[in-house]
Structures are given as C-alpha cells and as structure tokens.
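[1] build me a model from this:
(one chain, ligands or ions: 1)
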Amino acid sequence: MPELSQNDLRLLSILSNLTYCNPFEPERIEFERAALREKFVPEDEIAWSRTTQWLEADRPNVVSLTEAANQLVDRIRAALLDGHELNDETARHYEDAVTYVLYYRYFASLVGSQESVSSRQVKKNWNSFRTDFDYYLELPGRPGLHSQSPGHMFACLDQVRRAFRHIFHFILGESQPAAQLRAEVWQSIFTHNMRRYRRTLFAKMSDVATLITGPSGTGKELVARAIGLSQYVAFDTDRETFAGKVDDSFIALNLSALSPTLIESELFGHRKGAFTGAISDRAGWLEKCPPWGAVFLDEIGELDLAIQVKLLRVVQSRAYTRLGETEERPFLGKLITATNRDLGEEMEAGQFRRDLYYRLCADHIQTPSLHEQLTDRPQALSGLIQLLAQRIAGEEADSIAEEAEQWINNSMPTNYTWPGNIRELEQCVRNLMIRNCYQPYQTSKKEESTPVHLAWLKAAEKRQWTAEELVSKYVTWVYAAEGTYEGTANLVGLDRRTVKSKIDEELLKAIEAGN
Ligand SMILES: Nc1ncnc2c1ncn2[C@@H]1O[C@H](COP(=O)(O)OP(=O)(O)OP(=O)(O)O)[C@@H](O)[C@H]1O
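    This next block holds a predicted model:
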C-alpha cells in the first residue's frame with residue numbers, strides 16, 4: 001500500500017473543511033473549487049441557491065467530489081489495516097471525510113426523525129449506517145479513529161439533512177441578500193462553528209431565543225419554520241429510534257389574531273375555572289412543545305405589556321405557570337419571535353419592554369425586502385418567478401413563468417418596488433396565471449399623488465433641490481408610506497438611524513394631513 005500522497009492529504013483536509021462549513025456561505029464553493037481543480041464545474045455565482053436546474057446531491061461538483069471522497073477513505077482504510085500510521089490531524093480529517101461520505105451515502109434516507117419514515121425503516125437505516133461507521137472508524141487494533149459516537153453522528157446528520165432541506169428548498173432567491181439570509185438561518189441553527197456545535201452546543205441551542213424582523217411578506221415565517229423544524233433530535237441506540245418526531249414540533253401563534261386572554265391561555269395553559277369558559281384543565285403550547293421543538297410567536301410587537309412580563313420570565317428562567325396555578329413548569333423548547341414593526345420605536349413609545357427585547361435578540365435575523373434583493377441582482381426576479389410558478393402550477397410552471405416574466409417586463413413600471421415583497425410576487429404570478437393581468441394594490445391614501453407630492457416632484461424636475469434635500473424628501477415620502485424606519489431603511493438602502501435623521505418633519509406632517 002503506497003504512502004498517502006500530498007494530493008491525498010490536500011483533498012482530505014478540504015473534505016474536512018467542507019464537512020463543517022456553512023453550505024450557504026461562498027466558502028463552500030471555494031472549497032469545492034479547490035478540491036476539484038480542473039474538474040470543477042462553474043454553477044452558481046452566488047453560494048448554493050436553489051435553481052430549477054439541479055437539486056442538491058445531483059450537482060456535478062457534488063457527484064465528482066463524493067466519488068473522490070469515497071475512493072480516498074477506502075484507500076486510507078486499507079492503509080490503516082496495513083499498519084500505516086496517521087498523525088492526529090490526519091486522523092481527525094479522516095473522520096471528517098468519512099462523515100462527508102456517509103452523509104451523501106444516506107442522503108435520501110436521512111430524515112428518520114420525520115413521521116413519514118416508519119420505525120422499521122429507521123432501524124434498517126441505522127443498522128446499515130452503523131455497519132458503515134464501524135467499517136471505517138472501528139478498525140481492529142486502531143482505537144481513537146472517531147471522536148463522536150455513531151448514534152450522535154447519525155442524529156447530527158439527520159439534523160443537517162433536515163436543516164439543509166428547509167433552507168435550500170424554501171428560502172428562495174439568487175441575490176446576495178437572499179444567500180446571506182440562508183447562511184444566517186444555518187448559523188442560527190448550528191452557530192458559526194459547527195465543530196463546537198457538534199461537540200457540545202447541540203444540547204444548548206434551544207435555550208437561545210431567535211428574533212426575526214423584516215418587512216411583511218419577506219419570509220419571516222418561512223425562516224422561523226426552517227429553524228424550528230431543524231433542531232437536534234437525539235438518537236437512542238438501544239431502542240434504535242429517535243427521541244421523537246419533528247413533524248408536530250413547530251407551533252406557530254399569530255399574536256395579532258388573538259385576544260390577550262386567549263394568548264395567555266394558549267401559551268401557558270390554564271386550570272379549570274381560571275376564567276369564565278375554562279371548563280377543564282388545559283396544557284398550553286409551551287407545555288406541549290417537546291425539547292426538540294419550537295414555539296413561534298408572530299407579530300411579537302403587538303403583545304400586550306402584561307403578557308410581555310410573563311414571557312420575559314419564560315426566556316429568562318425557562319419557567320412559567322398555567323393560568324390559575326402556582327406550580328412552575330419548565331419550557332424545554334426553543335422560542336422564536338417575529339415582527340415587521342420597528343421594535344426600537346415601540347420601545348421608545350413604551351409599548352415594548354426593553355428587558356424583553358434584549359432577551360429576545362440574542363440571535364437576530366433580518367429578512368431582506370424583495371426590492372433589496374432585486375437592487376442587488378435584477379436577474380434574480382426571473383429565477384424567483386420560475387420557482388414560484390413551480391410551487392403554484394407544478395407541471396405547467398415553465399410556460400406560466402415565461403408568460404409572467406414577459407408580462408412583468410412589459411407592463412410593470414421598471415422602478416416598481418414590490419411593497420408586498422415575495423408574497424406580492426407570488427400573488428402576481430397567480431393573477432397572471434388566472435387573468436393574464438396584474439393590478440398592484442394602490443389604495444393607500446399616502447401612496448397616491450397628493451398635492452404635496454406633486455409639488456416636490458415638480459421642484460425636483462426643475463432641479464431645485466440639493467442632493468441632501470432630495471434624499472431627505474425621498475426618505476420622508478417612503479417613510480410616510482412605509483410606516484417604519486426599518487421598512488424604509490430596507491427600501492431605500494440606508495441604515496435605520498440614517499433614515500431617522502433624514503426625515504423632514506414638516507413634509508411628513510403635510511403628507512400625513514394629505515395636502
Ligand atoms: N425568501 C422567500 N423565499 C420563498 N418564498 C418566500 C420568501 N419570502 C416570502 N415568501 C413567500 O411569501 C409568502 C409570505 O411569507 P411569510 O408569511 O413567511 O412572510 P412574513 O415575512 O412572515 O410576512 P408577515 O410579516 O406579513 O407575517 C409565503 O407564501 C412565502 O412562501
């Protein structure tokens with residue numbers, strides 16, 4: 001058996017990095033390029049976005065790399081059996097490369113934590129996985145080839161597969177802001193250091209609350225769902241089963257749709273007689289949520305101040321009591337909250353507790369507006385239309401997408417900002433499929449051309465403004481329609497503070513008065 005070549009060691013080290021990198025960061029493409037050299041097939045300019053061309057495991061670079069990785073780990077295994085010594089670093093890289101190989105080998109069957117996979121199938125997959133694990137990492141007279149137990153590796157790969165699937169399939173867009181969003185969602189699940197996550201943090205992440213902010217229709221619920229359904233589920237090797245199924249473990253509550261009493265009772269549960277209508281004891285969602293699950297509170301900015309205090313306790317000490325009881329109960333899952341309101345403004349107005357905000361924002365994700373995505377990459381519109389058409393119309397997607405794209409290009413104003421974001425684009429494609437026409441929503445009084453708008457537009461036409469004045473008036477105009485600093489900042493591409501400093505109060509009053 002020949003010694004490992006420099007090339008083998010190089011590939012091994014890259015595979016180790018690939019196994020633990022964030023697949024939605026550009027570095028993933030760079031690792032693939034470095035590993036494959038002249039065999040690398042240029043695909044996305046932006047790190048790993050979903051397109052209609054390839055899914056995941058059938059990408060040419062993944063296919064070539066998996067083949068090379070399989071050959072390499074087989075050769076190293078043979079060398080080890082031959083008495084070849086590996087230094088500590090190479091042994092660690094070997095374990096990582098085996099992890100990479102096993103991930104793609106079990107790619108199609110790795111979601112045993114989902115209801116759709118029967119317990120018989122889970123056992124079968126596990127036994128086959130276990131055999132492969134032992135084949136590579138439990139060699140006679142070769143202790144210490146793996147740093148993690150096979151059950152933990154199986155659980156981690158199941159989690160990675162779920163997370164990848166939710167992020168890659170559902171959070172769409174080929175622009176840089178969309179790619180960054182996917183990368184941030186991955187980080188929210190695994191942190192920026194996946195080795196550390198695998199070692200210890202996997203058991204800690206449900207303690208960290210996640211806050212998602214961004215304009216309406218930008219996928220905050222999608223993001224919450226991806227995070228909530230991608231938590232770690234332990235695998236019990238004695239019983240050959242996962243600790244539970246993830247399917248019902250994401251519990252979403254839209255706070256704006258419920259009265260304060262109902263929110264409390266839904267969230268914390270109640271004792272019989274705690275209030276009129278409480279005819280029996282009832283467990284709330286915090287109680288029903290399993291340790292690998294998540295409770296998602298949408299529109300958190302609208303939460304009543306009295307309930308904010310109770311929620312603070314949940315985040316702080318992971319404890320709550322049912323309405324009408326004194327017994328403390330633990331909350332074991334993860335809390336995810338979202339809002340399209342500007343929580344900064346809400347805090348200033350005394351509507352949102354600062355202590356709660358600082359508890360919720362340990363992990364903060366901002367979803368980009370569609371306008372921001374298209375400003376970064378106008379061509380991204382076409383890919384989005386394709387994928388949305390696929391979602392809406394299945395087999396007819398190609399022709400519907402082509403017609404929709406043509407219609408949008410010919411009939412929508414070139415500077416249209418899609419104020420309803422991807423939700424609006426989705427509805428636009430539906431409208432076009434049904435009526436071959438789309439009328440953007442235009443009833444907001446603030447958005448119509450009031451005399452004050454016309455006056456300043458005329459002044460701009462006559463070049464009366466300095467650039468500073470023009471920006472200030474434009475920002476004020478957008479703010480008057482948008483209603484939040486954050487939403488305005490997203491639309492005009494400035495940060496929130498700058499937006500705030502640019503507001504022309506007099507103009508704002510005039511617009512709001514509608515004259
Ligand atoms: N990045 C995205 N990729 C794919 N679909 C998206 C994306 N963003 C939004 N959508 C689609 O737009 C619709 C609205 O998404 P979602 O409910 O997650 O938005 P939201 O930000 O939570 O909105 P709101 O603030 O109004 O509750 C859904 O149909 C969703 O699938």
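[2] give me the number of residues near residue 121?
    Summarising burial for residue 121: neighbours were counted as other CB atoms under 10 Å, giving 12. For the C-beta atoms, the positions are set from N, CA and C on the backbone; glycine is no exception.
[3] for the residue in the stretch 251-400 of the chain positioned nearest to the ligand, report the pLDDT, please.
    Nearest residue of the stretch 251-400 of the chain to the ligand: residue 340, at 4.2 Å (CB to the nearest ligand atom). For residue 340, the pLDDT comes out at 92.
[4] again, but for the one 10 residues further on
    For residue 350, the pLDDT comes out at 91.
[5] quick one: which helix or strand includes it?
    For residue 350, there is no host helix or strand (DSSP states H and E).
[6] show me the beta-bridge partners of residue 270.
    residue 282, residue 323 (DSSP bridges).
[7] pretty sure it is touching residue 284, no?
    Yes - counting by CB atoms under 8 Å, residue 270 sits close enough to residue 284 to count as a contact (7.5 Å).
[8] shared neighbours, those two?
    Common neighbours of residue 270 and residue 284, counting by CB atoms under 8 Å, 6 or more residues apart in numbering, are residue 322.
[9] still on that earlier bit, so what's the nearest residue to the residue of the stretch 251-400 of the chain closest to the ligand once chain neighbours are set aside up against?
    Nearest residue to residue 340, sequence neighbours excluded (CB to CB, 6 or more residues apart in numbering): residue 216, at 4.8 Å. Contact partners of residue 216, counting by CB under 8 Å, 6+ apart, are 340, 420-421, 423.
[10] which of these fall within helices?
    Secondary structure defined by DSSP state H assigns 421, 423 of these to helices.
[11] mind putting the contacts of residue 216 into a markdown table with neighbour count?
    Supplementary listing: those in a markdown table, determined by neighbours: other CB atoms under 10 Å:
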| residue | neighbour count |
| --- | --- |
| 340 | 21 |
| 420 | 19 |
| 421 | 24 |
| 423 | 15 |
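[12] now the contacts of residue 216 in TSV, with distance to residue 162?
    TSV is the format used below for these (distance: CB to CB, whole Å):
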residue	distance to residue 162
340	27
420	30
421	26
423	25
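[13] near the ligand, which residues of the stretch 51-200 of the chain?
    Where the stretch 51-200 of the chain comes near the ligand, counting by CB under 6 Å from any ligand atom, the residues are 170-173.
[14] next one: the chain
    Where the chain comes near the ligand, counting by CB under 6 Å from any ligand atom, the residues are 170-173, 214, 216-222, 298, 340, 367, 422-423, 426.
[15] filter those to the buried ones?
    Among the residues of the chain next to the ligand, the ones that count as buried by 16 or more other CB atoms under 10 Å are 170-173, 214, 217-222, 298, 340, 367, 422, 426.
[16] and the residue nearest to residue 340, that's in a strand?
    No - per DSSP: H, G, I helix; E, B strand; the rest coil, residue 216 lies outside any strand segment and is coil.
[17] nearest to the ligand: which residue in the stretch 151-300 of the chain?
    Of all residues in the stretch 151-300 of the chain, the one sitting closest to the ligand is residue 219 (2.7 Å; CB to the nearest ligand atom).
[18] pretty sure that residue sits against residue 426.
    No - Residue 219 is not in contact with residue 426 according to CB under 8 Å; the separation is 10.7 Å.
[19] kindly check the end-to-end length of stretch 369-385 for me.
    Stretch 369-385 has an end-to-end distance of 16 Å (CA to CA, to the nearest Å).
[20] what's that stretch in contact with?
    Residues beyond stretch 369-385 that count as contacts (CB under 8 Å, 6+ apart) turn out to be 46, 49, 51-52, 172-178, 214-215, 217-218, 401, 404-405, 408, 417-418, 421-422, 424-425, 429, 487, 490-491, 493.
[21] next: stretch 113-121.
    With contacts defined as CB under 8 Å, 6+ apart, stretch 113-121 is touched by 109, 111-112, 125, 158-159, 162, 233, 241-242, 244-247, 292.
[22] so which of those belong to helices?
    Counted as lying in helices by DSSP H, out of these, are 125, 158-159, 162.
[23] quick one: low-confidence ranges for the chain?
    Low-confidence segments of the chain (pLDDT under 70): 1-2, 44-48, 51-55, 112, 442-454, 458, 513-515.
[24] domain ranges for it, per the record?
    The domain map for the chain lists 6-170, 220-366, 370-435, 445-513, with the assignment taken from automatic domain parsing.
[25] just to revisit the earlier point, most surrounded residue in the contacts of stretch 113-121?
    Going through the contacts of stretch 113-121 with other CB under 10 Å as the criterion, the one with the most neighbours is residue 112, at 28 neighbours.
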